[in-house]
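Peer 1: this one's sequence-less:
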């Protein structure tokens, strides 16, 4: 009897199901439409969204810009600070509308974009950043003088003590202790390391042959800290340590930083003016595509370890609305946007570079 | 059997009155146990998916590390150089750092954990056991970045100012305690790992010891054994479980990334001294993956991931084998 019951129930179920099939389908389609349009439909019609990815270094000012610009125009930006290398990869794969990098793309990478995305890539410098040499030495405040040779030899592990005769010679007024030097560097791959090692490669032959330039290098000595905050942490805690960080981290943590001897022979502290001066000092050598490293710049007031950070945009864009949005945004960022720079410890671009940028932006077109 | 036949008969009669489709449905086993059939196969699918996932992960890592494998071959494992500028990559310092830091952590954590577990099962009064166990498990719930921050800002300075100078002064003749006191380094990494693997070893060991029947303890006392002797017998009984717990802890230590990256000093060198900085496989991937732009560089990092994957599998298999062999011995001993 049990089986009989079950059978009847089964049958009934089938019958009910058959009768209702059409209706259920209708309801399902209705629900589906509702969900799809409810979740995505209205949003995507209402406002434009631009996706970007790349450098972490300019993230602070970029997010400020995106926020302000969103308030002004309603255009939304989704920027992922996954690192310059990651940004370049995404630009090559075409998964973002724009990229950002602290190091210019290589010729090989530009060729890859051409092959895969059928367009050139434009480098638009946005702000300048300075890399400072920071230290923790008892009794020594801001402005320890260092020459390129000495700096290279410290990071090569050749100068081992703070009272080394070469350091003492140029810092005659300071009482340097007889203590070992602990070198701290970035352990993660970073644009900061690229700028710093790029500078050392330019000024020291030994460095160029032994270590070289890169986002990560094989450090001859020292401890690796993760991120600017990691290096800042090591330097802050360890007496006798020396490291390199972005200016903002040294300022915010009240760490002293060195005055470096520039190409013209002056000892220069990393001020916004000195960094902008370095960029201006490179104006005569700036290539057409704006891919330039400005370490060891000419000019008597130029700070030697600084660099541009770039936004990478496609020259030919597929989407008309997005192209227009990017052009408008970049124009705004380079004029009104630059005034946020100094509060966030970035050096604004010199006027000459802004002009070059504007010419570049004018080249953006739609396929 | 007769019952079944009977019901079949009955079923046949009813079948005449219902549609043919339902007959098929009813006659087949699937129809009768549709729920079981579906459930069985769903669970089978899930188990199979897990297997597929592991194989797929291994395969994808292998495929992406082909450029590095072709370029460096087996030398990749024994090369001690890691130079992203010249693109000469070797994994040995990272393999060494991973294993060394984990082993040191295990050496410190094992007696501690077993001690805690014994205390919790054999000595702790009931009212204290709950809170204490909870505290141990709380340690496991703390995110590793918090351990990293603690290690970097609290433990490392303490190691540099207090522990390492003292160790260096008094035990400096031992190779483990030589070199300048950086604070950050192998010792810091091992200590952080110790704290991180302590809860897993402790809580599993406690469960293992608890599962040993009280009759064993009573038997031991009845034979005139002291508390200490009884605990020795209990520990003997829980050996395989504790070993399994240890290997799980080792697995966690080997894979730990964030906290270790923040305190190990990140210098790819091979040094037996605990004061010197080191580097682990997980750390180098976390550190350099985002900015690895060239293909060979990226593929070398992925090969390190592959090696880490293999290392974990080998260790886990070893763990199983050891646990099996110990269990077998114990069971044999018990039956004899």
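Peer 2: Thanks, I have the structure now. None of these values were measured; they are calculated from a predicted model.

Peer 1: Around chain B, which positions in the stretch 151-300 of chain A sit nearby?
Peer 2: A:180, A:182, A:187-191, A:211-219, A:222-226, A:230, A:233-234, A:237-238 (C-beta under 8 Å from any C-beta of the partner chain). (Glycine included, C-beta is placed from N, CA and C.)

Peer 1: Among those residues, name the ones in strands.
Peer 2: Residues of those located in strands (DSSP state E): A:182, A:223, A:224, A:225.

Peer 1: closest to residue B:257 among those residues?
Peer 2: residue A:224 (14.4 Å; C-beta to C-beta).

Peer 1: Do I have it right that that closest one meets residue B:266?
Peer 2: Yes - Residue A:224 is within contact range of residue B:266, at 3.0 Å (criterion: C-beta atoms under 8 Å).

Peer 1: overlap in contacts of those two?
Peer 2: Common neighbours of residue A:224 and residue B:266, using C-beta atoms under 8 Å, 6 or more residues apart in numbering or on different chains, are A:187, B:277, B:279, B:287.

Peer 1: Based on its surroundings, how many neighbours for residue A:343?
Peer 2: Neighbours of residue A:343 under the rule other C-beta atoms under 10 Å in any protein chain shown: 10.

Peer 1: Next one: it from chain B, what distance?
Peer 2: As defined by C-beta to the nearest C-beta, to the nearest Å, residue A:343 lies at a distance of 27 Å from chain B.

Peer 1: got a list of what that residue touches?
Peer 2: So residue A:343 contacts nothing (C-beta under 8 Å, 6+ apart).

Peer 1: And the pLDDT at it?
Peer 2: Looking at residue A:343, its pLDDT reads 90.

Peer 1: can I assume it sits in a helix?
Peer 2: Yes - using DSSP: H, G, I helix; E, B strand; the rest coil, the secondary structure at residue A:343 is a helix.

Peer 1: Quick check: residues of the stretch 151-300 of chain B near chain A?
Peer 2: B:152-153, B:156-157, B:160, B:180, B:182-185, B:261-262, B:265-268, B:277, B:279, B:283, B:286-293.

Peer 1: Derive a ChimeraX selection command for the buried subset of these.
Peer 2: Buried residues within these, by 16 or more other C-beta atoms under 10 Å in any protein chain shown, are selected in ChimeraX with:
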select /B:152,156,157,160,182,183,184,185,261,262,265,266,267,268,277,279,283,286,287,288,289,290,291,292,293
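
Peer 1: And the ones in strands among the residues of the stretch 151-300 of chain A next to chain B, which is closest to chain B?
Peer 2: Distance to chain B across these (C-beta to the nearest C-beta) is lowest for residue A:224, with 3.0 Å.

Peer 1: Break chain B down into its structural domains.
Peer 2: B:2-64, B:79-330 (automatic domain parsing).

Peer 1: weakest of those by average pLDDT?
Peer 2: domain B:2-64 - the lowest mean pLDDT of those, at a mean of 73.

Peer 1: Tell me the gap between stretch A:74-94 and the middle of its chain.
Peer 2: How far stretch A:74-94 lies from its chain's middle: 11 Å, per C-alpha atoms, centre = their mean, to the nearest Å.

Peer 1: and what of stretch B:121-133?
Peer 2: Distance of stretch B:121-133 from the chain centroid (C-alpha atoms, centre = their mean) equals 26 Å.

Peer 1: sorry, back to before: among the residues of the stretch 151-300 of chain B next to chain A, which are located in helices?
Peer 2: B:156, B:157, B:261, B:262, B:283, B:286, B:287, B:288 (DSSP state H).

Peer 1: Would you mind confirming that the last one makes contact with residue A:214?
Peer 2: No - checked against C-beta under 8 Å, the pair residue B:288 and residue A:214 is beyond contact range at 10.3 Å.

Peer 1: Overlap of the contact sets of those two?
Peer 2: Between them, residue B:288 and residue A:214 share the contacting residues residue B:84, judged by C-beta under 8 Å, 6+ apart.

Peer 1: domains for chain A, by residue range?
Peer 2: For chain A, automatic domain parsing gives the domain ranges A:6-42, A:49-128+A:310-366, A:130-285.

Peer 1: right, so of these, which gets closest to residue B:123?
Peer 2: Closest to residue B:123 of these, according to C-beta to C-beta: domain A:130-285, at 40.0 Å.

Peer 1: follow-up on the earlier one: quick check, nearest of the shared contacts of residue A:224 and residue B:266 to residue B:203?
Peer 2: Taking the shared contacts of residue A:224 and residue B:266 together and measuring to residue B:203 by C-beta to C-beta, the closest member is residue B:279, at 30.3 Å.

Peer 1: my guess is that closest one meets residue B:270, correct?
Peer 2: No - Residue B:279 is beyond contact range of residue B:270, at 9.6 Å (criterion: C-beta under 8 Å).

Peer 1: hey, what's in contact with both of the two?
Peer 2: With C-beta under 8 Å, 6+ apart, residue B:279 and residue B:270 have common neighbours B:93, B:97.

Peer 1: ok, whatever residue of the stretch 1-150 of chain B ends up closest to chain A to residue A:195 distance?
Peer 2: Across the stretch 1-150 of chain B, no residue is closer to chain A than residue B:85, which sits at 3.8 Å (C-beta to the nearest C-beta). Residue B:85 sits 15 Å away from residue A:195, going by C-beta to C-beta, to the nearest Å.

Peer 1: of these two, who's got more company?
Peer 2: residue A:195 (27 against 17).

Peer 1: secondary structure class for that one?
Peer 2: From three-state DSSP, the assignment for residue A:195 is helix.

Peer 1: Could you do residue A:130 as well?
Peer 2: Under three-state DSSP, residue A:130 falls in the strand class.

Peer 1: So what pairs up with it in the strands?
Peer 2: Taking DSSP bridges as the rule, residue A:130 bridges to residue A:306.

Peer 1: Tell me who's in contact with it.
Peer 2: Counting by C-beta under 8 Å, 6+ apart, residue A:130 touches A:246, A:247, A:270, A:274, A:275, A:303, A:305, A:306, A:347.

Peer 1: which ones among those residues are found in helices?
Peer 2: Per DSSP H, helices hold the following members of those: A:247, A:274, A:275.

Peer 1: Could you tell me how many residues sit around the first one?
Peer 2: Around residue A:247 sit 23 other residues, with neighbours defined as other C-beta under 10 Å.

Peer 1: Report the contact partners of it.
Peer 2: Contacts of residue A:247 by C-beta under 8 Å, 6+ apart are A:129, A:130, A:131, A:132, A:257, A:270, A:345.

Peer 1: which residue packs closest to it, ignoring adjacent ones?
Peer 2: Nearest residue to residue A:247, sequence neighbours excluded (C-beta to C-beta, 6 or more residues apart in numbering or on different chains): residue A:130, at 4.4 Å.

Peer 1: residues near residue A:47, how many?
Peer 2: There are 12 residues near residue A:47, going by other C-beta under 10 Å.

Peer 1: Any figure for the gap between it and chain B?
Peer 2: The spacing between residue A:47 and chain B, counted by C-beta to the nearest C-beta, is 30 Å.

Peer 1: how much space is there between that residue and residue A:147?
Peer 2: In terms of C-beta to C-beta, residue A:47 sits 54 Å off from residue A:147.
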